[in-house]
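Colleague: Fold the following, please.
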Amino acid sequence: MTSPFALPAALNPPMIGREAVVDALYRCVMAFDTNDTALFNSSFMPDGVFEVNRRAMEGLPKIHATGLALIFSVDTTHLMSNVRVHMRTGTRKDGVAQENEASLTATGLSQHFAGGKGMEPGQNNLLGGSLYRGELTRDMDGLWKFRHLQIKSTWVQGDYSVVGGPLNETEQ
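Modeller: Next up, the predicted model:
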(Lines give C-alpha, C1' and ligand atoms only; values in the text may rest on other atoms or scores of the structure.)
Protein backbone atom coordinates (compact mmCIF):
# COMPACT_ATOMS: atom_id res chain seq x y z
CA MET A 1 0.00 0.00 0.00
CA THR A 2 1.29 3.47 -0.86
CA SER A 3 0.95 6.12 1.82
CA PRO A 4 0.00 9.75 1.17
CA PHE A 5 2.84 10.62 3.57
CA ALA A 6 5.54 8.97 1.44
CA LEU A 7 7.14 10.63 -1.57
CA PRO A 8 8.07 8.53 -4.61
CA ALA A 9 11.16 6.33 -4.26
CA ALA A 10 12.96 8.17 -7.06
CA LEU A 11 12.96 11.90 -6.28
CA ASN A 12 13.35 14.75 -8.74
CA PRO A 13 15.99 15.94 -9.25
CA PRO A 14 17.82 12.67 -8.58
CA MET A 15 20.08 12.59 -5.54
CA ILE A 16 23.76 11.77 -5.88
CA GLY A 17 26.60 10.64 -3.63
CA ARG A 18 26.13 10.19 0.10
CA GLU A 19 22.72 11.88 0.03
CA ALA A 20 21.43 9.15 -2.29
CA VAL A 21 22.79 6.41 -0.01
CA VAL A 22 21.20 7.96 3.10
CA ASP A 23 17.91 8.15 1.22
CA ALA A 24 17.77 4.33 1.20
CA LEU A 25 17.70 4.44 5.02
CA TYR A 26 15.04 7.15 5.02
CA ARG A 27 12.90 5.21 2.52
CA CYS A 28 13.19 2.12 4.71
CA VAL A 29 12.13 3.74 7.99
CA MET A 30 9.46 5.93 6.37
CA ALA A 31 8.02 2.69 4.99
CA PHE A 32 7.97 1.27 8.55
CA ASP A 33 6.07 4.31 9.81
CA THR A 34 3.59 4.49 6.91
CA ASN A 35 3.10 0.75 6.23
CA ASP A 36 4.26 1.35 2.65
CA THR A 37 5.40 -1.93 1.12
CA ALA A 38 6.38 -0.40 -2.21
CA LEU A 39 8.58 2.22 -0.51
CA PHE A 40 10.22 -0.48 1.63
CA ASN A 41 10.89 -2.61 -1.46
CA SER A 42 12.59 0.39 -3.09
CA SER A 43 15.15 0.34 -0.27
CA PHE A 44 16.08 -3.37 -0.41
CA MET A 45 17.61 -5.70 -2.95
CA PRO A 46 15.27 -8.65 -3.68
CA ASP A 47 17.74 -11.05 -2.01
CA GLY A 48 18.70 -8.60 0.76
CA VAL A 49 19.14 -9.55 4.40
CA PHE A 50 17.24 -7.72 7.17
CA GLU A 51 18.70 -8.53 10.58
CA VAL A 52 17.25 -7.40 13.90
CA ASN A 53 19.16 -8.32 17.05
CA ARG A 54 20.94 -11.19 15.27
CA ARG A 55 17.70 -12.62 13.84
CA ALA A 56 18.13 -12.56 10.08
CA MET A 57 15.48 -12.64 7.36
CA GLU A 58 16.78 -13.23 3.84
CA GLY A 59 14.96 -12.16 0.69
CA LEU A 60 11.96 -9.87 0.34
CA PRO A 61 9.32 -12.64 0.72
CA LYS A 62 10.75 -13.70 4.12
CA ILE A 63 11.27 -10.07 5.20
CA HIS A 64 7.64 -9.28 4.33
CA ALA A 65 6.26 -12.36 6.09
CA THR A 66 8.25 -11.92 9.28
CA GLY A 67 9.74 -8.45 9.77
CA LEU A 68 7.26 -6.22 7.98
CA ALA A 69 4.29 -8.21 9.29
CA LEU A 70 5.40 -7.23 12.83
CA ILE A 71 6.43 -3.66 12.05
CA PHE A 72 3.28 -2.93 10.02
CA SER A 73 1.09 -4.28 12.84
CA VAL A 74 2.11 -1.50 15.26
CA ASP A 75 1.98 2.29 15.18
CA THR A 76 5.59 3.48 14.94
CA THR A 77 7.79 6.49 14.51
CA HIS A 78 11.47 6.05 13.62
CA LEU A 79 13.91 8.96 13.93
CA MET A 80 17.39 8.57 12.46
CA SER A 81 20.54 10.53 13.30
CA ASN A 82 24.33 10.29 13.36
CA VAL A 83 24.28 8.89 9.82
CA ARG A 84 27.72 8.20 8.33
CA VAL A 85 28.41 6.85 4.84
CA HIS A 86 31.53 5.25 3.37
CA MET A 87 31.52 5.12 -0.45
CA ARG A 88 33.48 2.52 -2.44
CA THR A 89 34.47 2.98 -6.04
CA GLY A 90 34.15 0.17 -8.55
CA THR A 91 34.69 0.00 -12.27
CA ARG A 92 31.87 -0.25 -14.79
CA LYS A 93 32.12 -2.55 -17.81
CA ASP A 94 33.20 0.43 -19.93
CA GLY A 95 36.17 1.03 -17.59
CA VAL A 96 34.77 4.20 -15.96
CA ALA A 97 35.16 4.43 -12.16
CA GLN A 98 31.83 4.73 -10.38
CA GLU A 99 30.72 4.65 -6.76
CA ASN A 100 28.43 1.64 -6.69
CA GLU A 101 28.84 0.21 -3.19
CA ALA A 102 28.57 1.87 0.21
CA SER A 103 28.43 1.18 3.92
CA LEU A 104 26.24 3.16 6.29
CA THR A 105 25.92 3.49 10.06
CA ALA A 106 23.26 5.39 12.01
CA THR A 107 21.57 5.73 15.35
CA GLY A 108 17.81 5.41 15.62
CA LEU A 109 15.02 6.05 18.09
CA SER A 110 11.78 4.19 17.56
CA GLN A 111 8.50 4.50 19.40
CA HIS A 112 5.95 1.67 19.15
CA PHE A 113 2.27 1.47 20.13
CA ALA A 114 -0.20 -1.32 19.50
CA GLY A 115 -1.75 -0.98 16.05
CA GLY A 116 -4.44 1.68 15.93
CA LYS A 117 -3.78 2.71 19.55
CA GLY A 118 -1.03 5.33 19.07
CA MET A 119 -3.36 8.30 19.48
CA GLU A 120 -5.27 6.91 22.47
CA PRO A 121 -4.20 8.39 25.82
CA GLY A 122 -2.55 6.12 28.38
CA GLN A 123 -1.59 3.32 25.99
CA ASN A 124 1.33 1.02 26.68
CA ASN A 125 4.30 1.71 24.43
CA LEU A 126 7.86 0.65 23.75
CA LEU A 127 10.61 3.18 23.07
CA GLY A 128 13.95 1.90 21.83
CA GLY A 129 17.38 3.11 20.86
CA SER A 130 19.20 1.17 18.16
CA LEU A 131 22.36 1.11 16.08
CA TYR A 132 22.02 0.55 12.33
CA ARG A 133 24.66 -0.84 9.97
CA GLY A 134 24.03 -1.29 6.26
CA GLU A 135 25.77 -2.54 3.16
CA LEU A 136 24.28 -1.03 0.02
CA THR A 137 24.51 -1.30 -3.75
CA ARG A 138 23.34 1.05 -6.47
CA ASP A 139 20.69 -0.98 -8.32
CA MET A 140 20.07 -0.90 -12.07
CA ASP A 141 17.19 1.54 -11.49
CA GLY A 142 19.72 4.03 -10.06
CA LEU A 143 18.47 3.76 -6.45
CA TRP A 144 20.72 2.71 -3.61
CA LYS A 145 19.39 -0.41 -1.87
CA PHE A 146 20.37 -2.49 1.13
CA ARG A 147 22.07 -5.82 0.54
CA HIS A 148 22.25 -6.22 4.31
CA LEU A 149 20.75 -4.07 7.06
CA GLN A 150 21.56 -4.86 10.68
CA ILE A 151 19.68 -3.28 13.56
CA LYS A 152 20.93 -3.78 17.11
CA SER A 153 18.77 -2.55 19.97
CA THR A 154 20.91 -0.97 22.66
CA TRP A 155 18.15 -0.06 25.11
CA VAL A 156 14.40 -0.18 25.48
CA GLN A 157 11.91 1.45 27.82
CA GLY A 158 8.32 0.37 28.17
CA ASP A 159 6.15 -2.65 27.48
CA TYR A 160 7.55 -5.43 25.26
CA SER A 161 4.07 -6.86 24.71
CA VAL A 162 3.42 -4.00 22.26
CA VAL A 163 5.73 -5.81 19.79
CA GLY A 164 4.89 -9.34 20.90
CA GLY A 165 7.61 -9.84 23.50
CA PRO A 166 11.34 -9.24 24.03
CA LEU A 167 13.49 -8.81 20.94
CA ASN A 168 16.71 -10.00 22.49
CA GLU A 169 19.64 -11.64 20.76
CA THR A 170 19.09 -15.10 22.26
CA GLU A 171 15.62 -15.63 20.85
CA GLN A 172 15.37 -17.56 17.58
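Colleague: could you pull out the strands for this structure?
Modeller: 44-52, 55-58, 74-91, 97-114, 125-138, 144-158 (DSSP state E).
Colleague: And the average pLDDT for the second one is what?
Modeller: When you say that, I think you mean strand 55-58. Computed over strand 55-58, the mean pLDDT rounds to 96.
Colleague: In it, which residues are buried?
Modeller: By neighbour count with 16 or more other Cβ atoms under 10 Å, strand 55-58 contains the buried residues Arg55, Met57. Backbone N, C-alpha and C define where each C-beta goes, glycine included.
Colleague: how close does the residue lying closest to His86 once chain neighbours are set aside sit to Phe50?
Modeller: Leaving out its chain neighbours, the residue that sits closest to His86 by Cβ to Cβ, 6 or more residues apart in numbering is Ser103, at 4.6 Å. Separation of Ser103 from Phe50 (Cβ to Cβ, to the nearest Å): 16 Å.
Colleague: do the same with Asp159
Modeller: 24 Å.
Colleague: shaky segments in this structure?
Modeller: The model of the chain has pLDDT under 70 over residues 1, 90-93, 96-97, 167-172.
Colleague: in it, which residue is closest to the centre?
Modeller: When Cα atoms, centre = their mean is applied to the chain, the residue found nearest the centroid is Cys28 (3.6 Å).
Colleague: Please tell me I have it right and it contacts Leu149.
Modeller: Yes. The criterion here is Cβ atoms under 8 Å, and Cys28 meets it with Leu149 at 7.0 Å.
Colleague: joint contacts of the two?
Modeller: Here Cys28 and Leu149 have Phe44 as joint contacts, going by Cβ atoms under 8 Å, 6 or more residues apart in numbering.
Colleague: returning to that earlier point: report the contact partners of the residue nearest to the centre of the chain.
Modeller: Here Cys28 is in contact with Phe40, Ser43, Phe44, Phe146, Leu149 (Cβ under 8 Å, 6+ apart).
Colleague: Kindly provide the distance from it to His64.
Modeller: On the measure of Cβ to Cβ, Cys28 and His64 end up 13 Å apart.
Colleague: One more: Gly116?
Modeller: From Gly116 over to His64 (counting by Cβ to Cβ), the distance is 21 Å.
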